[in-house]
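> Need a 3D model of the following:
(chains A and B)
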Amino acid sequence: MMTTIDSEQSSSIVFDAATKVYAGQPQPAVDNLSLTIEAGELCCIVGPSGGGKTTTLLLVNRLVELTSGDIRIGDRSIHDIDPIALRRSIGYVIQQTGLFPHLTIAENIALIPQIIDWDKSRIKKRTNELLELVGLTPVESFAKRYPHELSGGQQQRVGIARALAANPPVMLMDEPFGALDPITRANIQDEFLALKDAIGKTTIFITHDIDEAIKMGDKMAILQEGGVLAQYDTPEAILAHPANEFVERFVGNDRGLKLLTLRTLKRVLNQTPNRPAPMSRADAQASNLPRITETATAQAALSLALNARSSAIIVTSESGKDAVELSVQRLLELGAANAAPAGTRTTGAGV
Amino acid sequence: MNITIQAEPVIPDYGQASECVVNNGAFCADWFVQQWPTIFWPALLEHIGLTLIAIVIGFILAFSAALVAHRYSVVAAPLNGLTTVLYTIPPLALFLLLVPFTGLTVLTAEIALVAYTLLILFSNTLTGLNGIPADVRRAAVGMGLTRYQILKRIELPMAVPAIIGGLRIASVLTVSTATIAAFIVDAGLGSPILKAIQSPFNTQFVAAGALAVLLAFAVDGLLVLLGKGLAPWASRRRIA
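Now for the predicted structure:
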């Protein structure tokens, strides 16, 4: 199913001194922004309101025109592409979904393929494939419904499927999960992360929620008031080494804890040269220490230890066969150690 | 045949008058059935014709005006003002105003009837076209739809419930106003009503009035069905 999605079709996005000054405003909304989002990466743009996040996004699909500077998708400047053609090559997802209430789910997804004259069987195949991809199954039952007959989370899945319909090399997502309740939100974030690696689209993802940015982003661009780029790096590097006071305040004084959410126990254990010795099966069974699998995050492990008021936990392998005992002290040392310096984290791997 | 019974109602009864007719009862079914082919059926057909022509022409004008006002918002207020003024003129006054120009003709009646439909049809259509939620519009533009594609595929279909709503009000209004057209032309259900006022015979105006009411209901019902057919999503939404 996923192999039919052309994952090679993906382009880098380059902001080159991009600046936007709205008419009548003394201050720029986006000020001299330069950054490169590599093909296939997901970049979260995060910052306080007034930081120019949405303007930055709208500059890319020319819903807002640049005052100066340039933006390139692949090797082409967006000024060299007709705005209509440009927008059709960009998947666009917005917070309120913007689904067309008079069209069924299938018709919503099929709209752009229809307009660019795909033949019927190809559209049908693509629609079914996308509904399956975003987990709206059974496909036949969802295809015929209208948007208002779906829950908020389901509607946003349709929004994502619709954005992917014509297989654009680039996706723009403007607070896509911002209107969802926390549980739905966490679920759809997890699903989108899994999906993202399969589809490999270069994505700009706007959010005001730092935790969401840390969770979703391969890279994070933090904008501060006046549309100035404060820092652009991997979430891990930003949490470990905030570039300035603004970033430090913005990521919060719990950035140490947040860093732990980025690391699985497996990774924490593997990165240490003196990995704790495995426990014998008898010891592991006899112990009444709290247990957690190695796929969980270091933060979850710490939370578990706190809840159980235990100074140590047992980390089990996925199969449950192997187990090691890990003291909280050790967990903290390992979890906070070697915060990767800038740019060394590989895209999407292991998190 | 008792000639002395010949009472006030000067109705051509060919000497077969029933007791109801003779006593000028509220509604004489026998007389109604008898007069159906000669009075009521032709009047009903004429009335449907008057209404239909007015609605079709009114809709074409109002719809075109709404499209222009939707595209160029500066003309929306003047057009709205114009249709409002037309709507506020009392029907009889408008009929009389037009007579010197177009005479006692169906044309005069239709000009007035069309004028009354414009406000409702124009404002409902424009409200429908402009009423697309901001997020839907932004998504449509952001996906790369052209202005024409947005109008054709998004705005017009989404405006259908508002347009049908306007048509329902306008057609019920026209069915009722068209009875007044009888002052100008001898046509439609207004004609038997007007004649019955001149020589009071109850069944004649009761029946014609009732037919006008039934016609209004029928037209309204048909438009509701049309709306359901054209915008199935809207009725499903109400249930949901």
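
> Check which residues of the helix or strand of chain A with the lowest mean pLDDT are buried.
Sorting the helices and strands of chain A by mean pLDDT, DSSP states H and E puts helix A:328-336 at the bottom, at a mean of 79. Of the residues in helix A:328-336, A:330, A:331, A:334, A:335, A:336 count as buried by neighbour count, 16 or more other CB atoms under 10 Å in any protein chain shown. From N, CA and C alone the C-beta is placed, and that goes for glycine too.

> Give me the nearest residue to the first one, chain neighbours excluded.
Computed as CB to CB, 6 or more residues apart in numbering or on different chains, the closest residue to residue A:330 that is not its neighbour in sequence is residue A:276, at 7.1 Å.

> Any stretches of the chain with poor pLDDT?
No chain in the question, so chain A it is. Per-residue confidence of chain A (counting by pLDDT under 70) places the weak regions at A:1-9, A:336-351.

> that's the wrong chain, I meant chain B
Across chain B, residues meeting the criterion (pLDDT under 70) sit at B:1-16, B:236-240.

> report the longest helix in it, please.
The single longest helix within chain B, with elements called by DSSP state H, is helix B:41-71.

> Quick check: next helix or strand after that one?
Elements were assigned by DSSP states H and E; along the chain past helix B:41-71, the next helix or strand is helix B:76-88.

> I'd like to know which elements that next one is packed against.
Packing partners of helix B:76-88 (3 or more CB pairs under 8 Å, 6 or more residues apart in numbering or on different chains; DSSP states H and E): helix B:41-71, helix B:106-130.

> Relative to the whole chain's centre, how far out is the longest one?
Going by CA atoms, centre = their mean, to the nearest Å, the spacing between the C-alpha centre of helix B:41-71 and its chain's C-alpha centre is 8 Å.

> swap in the last one?
If you compare the mean C-alpha spot of helix B:106-130 with that of the full chain, they lie 10 Å apart, counting by CA atoms, centre = their mean.

> List the contacts of the residue nearest the centre of chain A.
Nearest to the mean C-alpha position of chain A, by CA atoms, centre = their mean, lies residue A:216 at 2.6 Å. Under the criterion of CB atoms under 8 Å, 6 or more residues apart in numbering or on different chains, the contact list for residue A:216 reads A:42, A:44, A:189, A:192, A:193, A:205, A:207.

> Stretch A:112-128 spans what distance, first to last residue?
Terminal residues of stretch A:112-128 are spaced 15 Å apart (CA to CA, to the nearest Å).

> Make TSV out of the helices and strands packed on helix B:76-88 and add mean neighbour count.
Written out in TSV, the entries for those read as follows (neighbours: other CB atoms under 10 Å in any protein chain shown):
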stretch	mean neighbour count
helix B:41-71	19
helix B:106-130	23
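
> Report the secondary structure element holding residue A:222.
Counting by DSSP H and E, the secondary-structure element that holds residue A:222 is strand A:219-224.

> And that strand, what does it pack against?
Of the remaining helices and strands, those touching strand A:219-224 by 3+ CB pairs under 8 Å, 6+ apart are strand A:30-37, strand A:42-46, strand A:228-233, helix A:235-240, helix A:245-251.

> got the contact list for the residue in chain B positioned nearest to chain A?
Shortest chain B-to-chain A distance, computed as CB to the nearest CB: residue-wise this is residue B:139, at 2.7 Å. Remark: with contacts taken as CB under 8 Å, 6+ apart, residue B:139 is in contact with A:92, A:94, A:97, A:98, A:99, A:100.

> Go ahead and flag the most central residue of chain B.
Centre-nearest of chain B using CA atoms, centre = their mean is residue B:174, 2.4 Å out.
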